[in-house]
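Student: pasting the sequence and the predicted model now:
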Amino acid sequence: MCFPWLFPLGQGDPTNPARPIQVPEVRAFEHLIRYKDGRFARDPFFVFWALNRLQRHQANNNASYYVNIQEGSGLSNMTVDELAAMARDQPNKLQKHITKVLARMRGTDAYWRREGEKLMALFVDAGPPTFFITLTSADDQWPELHQLIAGSNMTSNTAAQRRSNVINNPHLADEYFYHRATTFIQHFFHDTLQAKWHWWRVEWQARGSIHLHGCLRLEHAPELTDLSSIALLGRIAQIELLYRTQLPWTEEFQKTQELPSQQQWEVWRLEQPRMDVLDMEALEQLISDGQAAESTITAFADKFTTAIHPQPPAAHSSTPSAKPHPSSIPYDPTMSDEQRIADLVACMPEHISETHQVLIRILSEAKQSPQKQSHRRRSNSTHIM
């Protein structure tokens, strides 16, 4: 018993072999983490000790051993009996040819290497992803989460109290996010958008807040990878056409058209795909195909995304709004979806690009004065840069 302050009566130790009914340690630890008074989940040592114990057992039970019997190792022509005799009589000689692999132990390099290979195989077999997604946890805002944590003891809903709830109950915050994220993925991406497959993994920020990264493919999505290749060829063909018809390129023309220098293009045009060997008709066909591919891509993107603020603020301001964060307000069925989206977008910070010092948040053209518009193109529809 190494945690007397958690087991003051010396009872309930999940590692005690003398227990009349043996419970798998992973199930026992899950029970203790969810114990009603929360003392196991809040203890700064117990959760790490439990994780370490489980991982050591997994390493012992799930490890695989591979013996290098390639040519030159001296083992390629040996029988099983001969290998067994070497392991008994000359263990040091055999040991240097043995590799331990923990591919079935979550979190190890071998595990993630195997998962990466499985994901690439999924891309080949079922098609590449349509979207990459990131879901973050508003764990210090969600009223349902804090009602779950505090229950009938919830006496205040201040920011300090919400932070304290998350700090003292990280397991509940993570489990609530997991349930909310998986439910969202199922109902929105699969049931509504008809996703063919999805893949995701979770990570934790330095402060301990959970978030999810993933990708998915829609059942009826266009082949965006192929279309992107066609669009790229069309762009390259456009530059080649300019090279043949607009020489010499002036510095002003180069910057206006966002072109490489004439010297750079004279080198690149001889690389793959070769543009110098095509006649004008072939170039024009590539340009036409590329423009059609771009139109398909942008039309598809405009079905799911928008860069228009539904209710843009009157002026840019870095001062946070005095109103409650929209995520901290309980769901109100009388509020329109557009209003909820507008409130969420309005509370997002305006990020500044260090390179161009332009606002990343895209606001409606009609709501901006010419002085506040950036030098980048504004558009009500998606365009490929």
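Tutor: Yep, that arrived.
Student: now the strands for the stretch 201-350 of the chain?
Tutor: With DSSP state E, counting those that start in this stretch as the criterion, the stretch 201-350 of the chain has strands at 210-218.
Student: which residues sit in contact with the nearest residue to Ala221 once chain neighbours are set aside?
Tutor: Nearest non-adjacent residue to Ala221, counting by C-beta to C-beta, 6 or more residues apart in numbering: Thr130, 4.3 Å away. Every C-beta, even on glycine, is put in place using the N, C-alpha and C of the backbone. Neighbouring residues of Thr130 by C-beta atoms under 8 Å, 6 or more residues apart in numbering: Leu216, Arg217, Leu218, Ala221, Leu224.
Student: just give me the neighbour total for the last one.
Tutor: Residues lying near Leu224 (other C-beta atoms under 10 Å) number 20.
Student: shouldn't it be in contact with Phe300?
Tutor: Yes - counting by C-beta atoms under 8 Å, Leu224 touches Phe300, with 7.4 Å between them.
Student: roughly how far does Tyr176 sit from Ile287?
Tutor: Distance of Tyr176 to Ile287, given as C-beta to C-beta, to the nearest Å: 52 Å.
Student: ditto for Gln194
Tutor: Note on Gln194: its distance to Ile287, by C-beta to C-beta, is 34 Å.
Student: could you do Glu219 as well?
Tutor: According to C-beta to C-beta, Glu219 stands 31 Å off from Ile287.
Student: nearest residue to Phe300 in space, ignoring adjacent ones along the chain?
Tutor: Phe300 sits nearest to Pro222 (C-beta to C-beta, 6+ apart), 5.7 Å away.
Student: shouldn't that neighbour be in contact with Thr296?
Tutor: Yes - Pro222 is within contact range of Thr296, at 5.6 Å (criterion: C-beta under 8 Å).
Student: where's the residue lying closest to Thr225 once chain neighbours are set aside, which helix or strand?
Tutor: Of all residues not flanking Thr225 in the chain, Pro128 sits nearest, at 5.1 Å (C-beta to C-beta, 6+ apart). Assigned by DSSP states H and E, Pro128 belongs to neither a helix nor a strand.
Student: pLDDT score assigned to the residue nearest to Phe300?
Tutor: Per-residue confidence at Pro222 stands at 91 (pLDDT).
Student: ok, now Glu71?
Tutor: 58.
Student: packing partners of the host helix or strand of Lys93?
Tutor: Following DSSP H and E, one finds Lys93 within helix 91-95. If you count contacts as 3 or more C-beta pairs under 8 Å, 6 or more residues apart in numbering; DSSP states H and E, helix 91-95 packs onto helix 80-89.
Student: so which elements touch the helix it packs on?
Tutor: helix 91-95.
Student: got a list of contacts for stretch 135-155?
Tutor: 157, 159, 161-163, 165-166, 169, 172-173, 176-177, 181, 184, 209-212, 214, 325, 327-330.
Student: break this structure into its domains for me.
Tutor: 127-218, 224-305, 306-385 (automatic domain parsing).
Student: so which of those comes closest to Val23?
Tutor: domain 127-218 (18.9 Å; C-beta to C-beta).
Student: looking at the protein, which helix is longest?
Tutor: helix 280-304 (DSSP state H).
Student: list the buried residues of it.
Tutor: Leu283, Leu286, Ile287, Asp289, Gly290, Ala293, Glu294, Thr296, Ile297, Thr298, Phe300, Ala301 (16 or more other C-beta atoms under 10 Å).
Student: tell me where the stretch 1-150 of the chain has helices.
Tutor: For the stretch 1-150 of the chain, the helices defined by DSSP state H, counting those that start in this stretch occupy 25-33, 39-42, 46-62, 80-89, 91-95, 109-126, 143-150.
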